[in-house]
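A.B. asks: The sequence isn't on hand, but the structure is:
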């Protein structure tokens, strides 16, 4: 995987158009979901996904090495999201438009209780301040390592960890335990 | 809530927060790939950073100018007006924005030069604030280079070596303008 990313990054830097198509195939769904999980509506997430790719074409020269491809792209998307929130400050609340859930009606009381817990966690994540929400989404929902997630958020690992701890503390409080 | 339970809930939330992407979005993005993917040229990086930071052009211009002044001061490449870096920055901004031909910084620099020349015992004349600031041919400072030759700094900071006759003509024109 790492080798593939390295080769992709090298080809992108060389201006290979097919590599750009490959980049879209790999990332467009991931980035869309990342933006949705940050609390953007479907429409805005689509726009911001497109914006992220436009930024990526413009900043190909900043790609350092293959290993950084993941965090480089998440960082672009995170910045697009940040600029969007900044421009819409106070005009939009995160997490208004829910996800289209698939299935979930079957099962007994245990299943219902679990779904309830997940629903509460989703609400609690949506209530977090943007920076804390971002670290939670990057690490726990996008499954990036701490190092990758910290680079994506544009902060040092130490800062990332303390932000994550604060977020987890708030989530625990919000969920009442 | 225990760590493990929370992690499990997160992984289930990740599954729950998965939805199908609109068909065609990927193709739309692919359609926007530029025909020529060109990595940044170094010189454009600053401009692109400014665009990315989304700060106004005026703020960006001020930032670039102040940085240039800082570099110039540190490297000793340019004499400051003595008013400090911020003051220099303001003067340069005013110069660029208003297009004023003779700015305060020009006057200060010329005065400094005049003082240096006098200190060296040279024959120098400084016209200072009295000159017409709109006239780029107005003589701001001149000093004797050799017999019958004068080095002149004009209002628009041009420098030229003139004969004594040419200098007299310029001085006469300045006097005429003043008397009007």
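C.D. replies: Good, I have the coordinates. Given the structure is predicted, the values throughout are model-derived calculations rather than measurements.
A.B. asks: Quick one: neighbours of residue 10, just the number.
C.D. replies: Since you didn't name a chain, this refers to chain A. Residue A:10 has 14 neighbours, counted by other C-beta atoms under 10 Å in any protein chain shown. For glycine as for every other residue, the C-beta is placed from the backbone atoms N, C-alpha and C.
A.B. asks: Hmm, no, I was thinking of chain B.
C.D. replies: That count, for residue B:10 with other C-beta under 10 Å as the rule, works out to 21.
A.B. asks: show me the contacts for it.
C.D. replies: Taking C-beta atoms under 8 Å, 6 or more residues apart in numbering or on different chains, we find residue B:10 in contact with A:121, A:136, A:140, A:141.
A.B. asks: Which of those residues fall within strands?
C.D. replies: The members of the contacts of residue B:10 all map outside strands under DSSP state E.
A.B. asks: Make a ChimeraX selection of the buried ones in these.
C.D. replies: Of these, the buried ones go into a single ChimeraX selection, burial set by 16 or more other C-beta atoms under 10 Å in any protein chain shown:
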select /A:121,136,140,141
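A.B. asks: The nearest residue to residue B:126 once chain neighbours are set aside: which element?
C.D. replies: With sequence-adjacent residues excluded and distances taken as C-beta to C-beta, 6 or more residues apart in numbering or on different chains, residue B:126 is closest to residue B:114, at 3.8 Å. Assigned by DSSP states H and E, residue B:114 belongs to helix B:104-119.
A.B. asks: cool, residue B:143 as well?
C.D. replies: Judged by DSSP H and E, residue B:143 forms part of strand B:139-146.
A.B. asks: Can you give me the buried ones in that strand?
C.D. replies: In strand B:139-146, counting by 16+ other C-beta under 10 Å, buried: B:139, B:140, B:141, B:142, B:143, B:144.
A.B. asks: Go back to the contacts of residue B:10 and keep what's next to chain B.
C.D. replies: A:121, A:136, A:140, A:141 (C-beta under 8 Å from any C-beta of the partner chain).
A.B. asks: Report the lowest-confidence entry in the residues you listed.
C.D. replies: Among those, residue A:121 carries the lowest pLDDT, at 90.
A.B. asks: That one and residue B:9 touch, don't they?
C.D. replies: Yes: counting by C-beta atoms under 8 Å, residue A:121 touches residue B:9, with 5.1 Å between them.
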